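**Student:** Sequence unavailable; structure follows:
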Ligand SMILES: C[S@@+](CC[C@H](N)C(=O)[O-])C[C@H]1O[C@@H](n2cnc3c(N)ncnc32)[C@H](O)[C@@H]1O
């Protein structure tokens, strides 16, 4: 009996000791391959980095993306890598580049990082990893946040922009996504004199919006609709004082409210109306209809019928 209990106790003590776990490292989800510098340049350019940005690199390697953003654009940056060697390398490189006041590096599993603060996210992972991260990015990142990825996509979520960098006859793809606001569901407003009622019913898949409109109770067709971050824009033909005018609607979405302006010309004069619309909260739908398809390591519930 004693012969069996003692080895079991030794094993238990070993497993419970911090030094045992300190020696255990989670396997890399992606091997270390640094992004070549011409591709780094293109990624930072496509992300349109500003001094005010906070750039997150998930799986930061030697830190070159966040260090580049700090050196060239004065942006702040955070790099996560699970490999302690990479984190040491990143910190040394930040010191050499003189940007330690702008960048921080954390030895941490990228799946456990909190994304809320990021305004730009850079990735050189794998499509399978991007797809696992997708629901978390759409949930935690603010509308307007830019995501740039080297070579790997996001499945059904098509990029807003892409380009190719050729190095030694090898092509490197760079993709950009802008986190869209959720504009799905039924929105209503009143505008103008005499007062007209407006209604917009949107179906939405990621940044793609399929709207239907009613103005003054009659169906209307919008053109040139775009959704960039939290900015919605479209042009509608409006009945106005016995004529039809082409009116541009531009507004910013914040939760269930939309605030902006309607602009058109009447006999050479500019007419501007305030535009304030409200969504019926129960009509909002998730914009990533496949969020449950790939599963999520974050314990999020499947999105069907979820109202945020
Ligand atoms: C392809 S490299 C990209 C490095 C850097 N972002 C670049 O573009 O030069 C992927 C990096 O992800 C890191 N990595 C892999 N799995 C990770 C995980 N679960 N959490 C954090 N980092 C991880 C690796 O150590 C590696 O440095």
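**Tutor:** Now that the structure is in, tell me what you want to look at. This is a predicted model, so every value here is computed, not measured.
**Student:** Quickly note the distance from residue 54 to the ligand.
**Tutor:** 16 Å (Cβ to the nearest ligand atom, to the nearest Å). Yep, even glycine has a C-beta here, placed from its N, CA and C like the rest.
**Student:** same deal with residue 154?
**Tutor:** Taking Cβ to the nearest ligand atom as the measure, residue 154 falls 17 Å from the ligand.
**Student:** repeat for residue 141
**Tutor:** Counting by Cβ to the nearest ligand atom, the gap from residue 141 to the ligand is 18 Å.
**Student:** pLDDT score for that residue?
**Tutor:** Looking at residue 141, its pLDDT reads 98.
**Student:** neighbours of residue 203, just the number please.
**Tutor:** Number of residues near residue 203 (other Cβ atoms under 10 Å) recorded here: 14.
**Student:** element containing it, please.
**Tutor:** Element membership of residue 203, judged by DSSP states H and E, is strand 196-205.
**Student:** strands paired with that strand, and their directions?
**Tutor:** Take DSSP bridges as the rule and strand 196-205 pairs in its sheet with strand 185-191 (antiparallel), strand 208-215 (antiparallel).
**Student:** for the helix or strand that comes right after the last one, what is the average pLDDT?
**Tutor:** Remark: after strand 208-215, the chain's next helix or strand is strand 218-220, criterion DSSP H and E. The predicted model gives strand 218-220 an average pLDDT of 94.
**Student:** The next helix or strand after strand 218-220: which residues count as buried?
**Tutor:** Per DSSP H and E, the first helix or strand lying C-terminal to strand 218-220 is strand 222-228. The neighbour-count check on strand 222-228 (16 or more other Cβ atoms under 10 Å) flags 222, 225, 227 as buried.
**Student:** same thing with stretch 110-119?
**Tutor:** For stretch 110-119, by 16+ other Cβ under 10 Å, it's 110-111, 113, 115, 118-119.
**Student:** repeat for stretch 122-142
**Tutor:** By neighbour count on 16+ other Cβ under 10 Å, the buried set for stretch 122-142 is 122-125, 129-141.
**Student:** what does stretch 149-162 give?
**Tutor:** Along stretch 149-162, these residues count as buried under the neighbour rule (16+ other Cβ under 10 Å): 149-154, 157, 159-160.
**Student:** Report the angle between the strand or helix carrying residue 275 and strand 196-205.
**Tutor:** Secondary structure from DSSP H and E places residue 275 in strand 269-279. For strand 269-279 against strand 196-205, the angle by axes from the mean of the first three to the mean of the last three Cα atoms, to 10 degrees is 60 degrees.
**Student:** Starting from strand 269-279, tell me which strands it pairs with and how they run.
**Tutor:** Short version: by DSSP bridges, strand 269-279 pairs with strand 185-191 (antiparallel), strand 257-266 (antiparallel).
**Student:** Contacts for the last one, please.
**Tutor:** It stands for strand 257-266. If you take Cβ atoms under 8 Å, 6 or more residues apart in numbering as the criterion, strand 257-266 is touched by 183, 187, 189, 191-192, 232, 238, 240-241, 243, 245-252, 270-279.
**Student:** how does it look with 6 Å?
**Tutor:** Residues from elsewhere that reach strand 257-266, judged by Cβ atoms under 6 Å, 6 or more residues apart in numbering: 245, 247-252, 271-273, 275-278.
**Student:** Nearest to the ligand among the residues you listed?
**Tutor:** residue 252 (32.5 Å; Cβ to the nearest ligand atom).
**Student:** Name all residues that make contact with that closest one.
**Tutor:** Applying Cβ under 6 Å, 6+ apart, the residues contacting residue 252 are 230-231, 259-260.
**Student:** Alright, calling it a day.
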